[in-house]
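Asks: Structure for the following, please:
(one chain, ligands or ions: 1)
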Amino acid sequence: MVVARSVAELRRLVAGWRAAGERVGLVPTMGALHAGHLALVAAAQAHSRRVVVSIFVNPKQFGPREDFSSYPRPEADDLAKLGRAGADLAYIPAVGEIYPAGFATTITVGGPSDGLCGAHRPGHFDGVATVVAKLLIQAAPDAAFFGEKDYQQLMVVRRMTQDLNLPVEIVGVPTVREADGLALSSRNVYLSAEERRLAPDLNRVMRETVSAIARGAAPAPTLQRAIATLNERGLVVEYLELRDAATLAPLADTPTRAARLLAAVHLGRTRLIDNLPVVPT
Ligand code: AMP
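Replies: Numbers count the residues shown, from 1 in each chain. Reported below is the predicted structural model:
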């Protein structure tokens, strides 16, 4: 596996593959790789002859009181995992390569950015959209792979690539979970043993909520009960909401089209997010 640290090197390598007629898939990550990221790599390999994995802890998507400086950066381990997974290229730019002095452009996506994490992390999706647009323009892949774990992010990226006519297919990959239902996340390392024991309650309560709503329970009181249950168990709810699965528009009534239940909770100093499909019966 090759490591590229500059846009020029990335472009030279990808141009060579494209000239040989090979499809290129991009997997954008912030590193601290786990089986969820490797599922994206596997999906990319099933789709594209060549797979580029970017590792970039993007300062623009962190709020001033968030964990940018403490975010895990185990580069040697990440490279070993990508090598074993058979990725072709790790693209690991320094912050100055992505945001050189004088950088002054921000991409703001409306629609799916509204509410949920967009309301609680001001500027977060501007940071995500700006860096993803840059990575897509730099790597010029045929397809890019994003986890459903960050469902709102996936919808924001889809909206942006459509709106800007970026010539790339955006592929969503199902969430990889621990056996107890907890979605894998690089931030799970922040959980204490006691918090790790409590964390799967988020997914458990969400699954119960989804089946109640799918059986016809009224969404508003069902969500209120779920929020109360989570709060009682020490998972402090930031939001738990039912949204249209495609547009992320809020849904008040029992869904008649594909919907999504999305949540963020705080457990100690760790913020956990999760989401599940709600299929109308
Ligand atoms: P991150 O490094 O957290 O920015 O994530 C990079 C990509 O991996 C994003 O597209 C995430 O949605 C995806 N991802 C993170 N965790 C998981 C997971 N548990 N299952 C599937 N995809 C994931």
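Asks: that's a strand at residue 77, yeah?
Replies: No: assessed with DSSP: H, G, I helix; E, B strand; the rest coil, residue 77 is helix; it does not lie in a strand.
Asks: for residue 267, what are its contacts?
Replies: 191, 195, 198-199, 234-236 (Cβ atoms under 8 Å, 6 or more residues apart in numbering). Yep, even glycine has a C-beta here, placed from its N, CA and C like the rest.
Asks: These in helices, which ones?
Replies: 195, 198 (DSSP state H).
Asks: what would the contacts of residue 267 look like in CSV with distance to residue 91 and neighbour count?
Replies: Listed next are the contacts of residue 267 as CSV, based on distance: Cβ to Cβ, whole Å; neighbours: other Cβ atoms under 10 Å:
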residue, distance to residue 91, neighbour count
191, 29, 19
195, 33, 17
198, 37, 19
199, 31, 25
234, 39, 15
235, 36, 22
236, 37, 14
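Asks: can you give me the strands in the stretch 151-281 of the chain?
Replies: Assigned strands in the stretch 151-281 of the chain, in chain order: 169-173, 236-244, 259-267, 270-278 (criterion: DSSP state E, counting those that start in this stretch).
Asks: Just name the most buried of these.
Replies: strand 259-267 (a mean of 22; mean count of other Cβ atoms under 10 Å).
Asks: and it, which strands flank it?
Replies: In the sheet, strand 259-267 lines up against strand 236-244 (antiparallel), strand 270-278 (antiparallel) (DSSP bridges).
Asks: Out of the contacts of residue 267, which comes closest to residue 75?
Replies: residue 191 (22.6 Å; Cβ to Cβ).
Asks: if we can go back for a sec, dump the strands of the stretch 151-281 of the chain into CSV; add mean pLDDT as well.
Replies: Compiled in CSV, those are given as follows (pLDDT from 0 to 100):
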stretch, mean pLDDT
strand 169-173, 98
strand 236-244, 98
strand 259-267, 98
strand 270-278, 97
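Asks: Would you convert the ones you listed into JSON lines that also reports distance to the ligand?
Replies: Listed next are the strands of the stretch 151-281 of the chain as JSON lines, based on distance: least, Cβ to the nearest ligand atom, whole Å:
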{"stretch": "strand 169-173", "distance to the ligand": "6"}
{"stretch": "strand 236-244", "distance to the ligand": "17"}
{"stretch": "strand 259-267", "distance to the ligand": "13"}
{"stretch": "strand 270-278", "distance to the ligand": "9"}
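Asks: Could I get those strands in JSON lines, plus columns for distance to residue 125?
Replies: JSON lines is the format used below for the strands of the stretch 151-281 of the chain (distance: least, Cβ to Cβ, whole Å):
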{"stretch": "strand 169-173", "distance to residue 125": "15"}
{"stretch": "strand 236-244", "distance to residue 125": "15"}
{"stretch": "strand 259-267", "distance to residue 125": "14"}
{"stretch": "strand 270-278", "distance to residue 125": "13"}
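Asks: For the closest residue in space to residue 107 that isn't next to it in sequence, give its distance to residue 260.
Replies: Once flanking residues are discounted, residue 107 sits nearest to residue 129: 4.2 Å by Cβ to Cβ, 6 or more residues apart in numbering. The spacing between residue 129 and residue 260, counted by Cβ to Cβ, to the nearest Å, is 20 Å.
Asks: Please consider this matter closed, and thank you.
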